[in-house]
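Peer 1: here are the coordinates; sequence isn't available:
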């Protein structure tokens, strides 16, 4: 890196969800899962250089492990343990690439992705001169951007809408740090999300003395009112982000 660089390095954003891809400030409809040649054509329209990919939560599943007193010694043994625990808990048969992030002492966030899909995407991006600088789940990208403003316990809903107007996605909650994460593959209406997923989770947190003060929602333009104060987040997706 040049010592005389005056502007921070930028990465083009690539946003992948079922039925759509957003890149270069444009949103394009596509099949339920993007093909390699489709991605190559989309990437070729971006400026040459690094790309940052925000990927649908269900293509990059996450798991929050808490209250671990002891982990295997050594980085290789620990990585193998996390991969095993991730695949076992989520009942995944296909090999996964798993990244472990320590949330706090004895608490870990595991983020995984199909090894086959990840390698295919890396190769496509490299072939067209738009190498992948980072792959991150949608919920984590949203949560990271909100962190500086999160001063009270709350919940975040990260949603992807299907062609029928139903939603899949992730529900996370925090107090001092991230303390709960739940994901649903089954599409549901906003009303079903409220009654069957959000309110039971809020009741659980209340029993644990971690009552959320607000529900933040990304991915929907309207949402039914409930007993918990809610706020819709802006849906704008940047064309680039600073590395």
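Peer 2: It's in. These numbers were taken from a predicted model, which means no experiment stands behind them. Numbering: from 1, shown residues only.

Peer 1: quick one: least confident helix or strand in the chain?
Peer 2: Least confident helix or strand of the chain, by mean pLDDT, DSSP states H and E, is strand 26-29 with a mean of 85.

Peer 1: need the residues that contact that strand.
Peer 2: 19, 20, 21, 22, 42, 237 (Cβ atoms under 8 Å, 6 or more residues apart in numbering). (C-beta placed from N, C-alpha, C; glycine too.)

Peer 1: just among the residues you listed, which is most surrounded?
Peer 2: The most crowded member of the contacts of strand 26-29, judged by other Cβ atoms under 10 Å, is residue 42 (22 neighbours).

Peer 1: in the helix or strand encompassing it, what counts as buried?
Peer 2: Using DSSP states H and E, residue 42 sits within helix 36-44. By neighbour count with 16 or more other Cβ atoms under 10 Å, helix 36-44 contains the buried residues 39, 42, 43.

Peer 1: now do stretch 43-52
Peer 2: For stretch 43-52, by 16+ other Cβ under 10 Å, it's 43, 46, 50, 51, 52.

Peer 1: the fourth one contacts residue 135, doesn't it?
Peer 2: This means residue 51. No: checked against Cβ atoms under 8 Å, the pair residue 51 and residue 135 is beyond contact range at 9.7 Å.

Peer 1: now do the strands in the protein.
Peer 2: 10-17, 20-23, 26-29, 51-55, 62-65, 96-104, 107-114, 132-137, 154-161, 167-174, 178-188, 215-218, 230-232, 240-242 (DSSP state E).

Peer 1: helices or strands up against the last one?
Peer 2: Pointing back at strand 240-242 there. strand 10-17 (3 or more Cβ pairs under 8 Å, 6 or more residues apart in numbering; DSSP states H and E).

Peer 1: now the strand it packs on: mean pLDDT?
Peer 2: For strand 10-17, mean pLDDT rounds to 95.

Peer 1: that strand pairs with which strands, and in what direction?
Peer 2: strand 20-23 (antiparallel), strand 51-55 (parallel), strand 240-242 (antiparallel) (DSSP bridges).

Peer 1: as a markdown table, those strands with mean pLDDT and distance to residue 192 would be great.
Peer 2: Output for those, formatted as a markdown table (pLDDT from 0 to 100; distance: least, Cβ to Cβ, whole Å):
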| stretch | mean pLDDT | distance to residue 192 |
| --- | --- | --- |
| strand 20-23 | 92 | 23 |
| strand 51-55 | 97 | 25 |
| strand 240-242 | 91 | 33 |
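
Peer 1: can you list the ones you listed in TSV and add distance to residue 146?
Peer 2: Shown next, in TSV, are the strands paired with strand 10-17 (distance: least, Cβ to Cβ, whole Å):
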stretch	distance to residue 146
strand 20-23	19
strand 51-55	14
strand 240-242	15
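
Peer 1: out of those strands, which is closest to residue 167?
Peer 2: strand 20-23 (13.9 Å; Cβ to Cβ).

Peer 1: check the offset of that closest one from the chain's centre.
Peer 2: 15 Å (Cα atoms, centre = their mean, to the nearest Å).

Peer 1: appreciated, that's everything.
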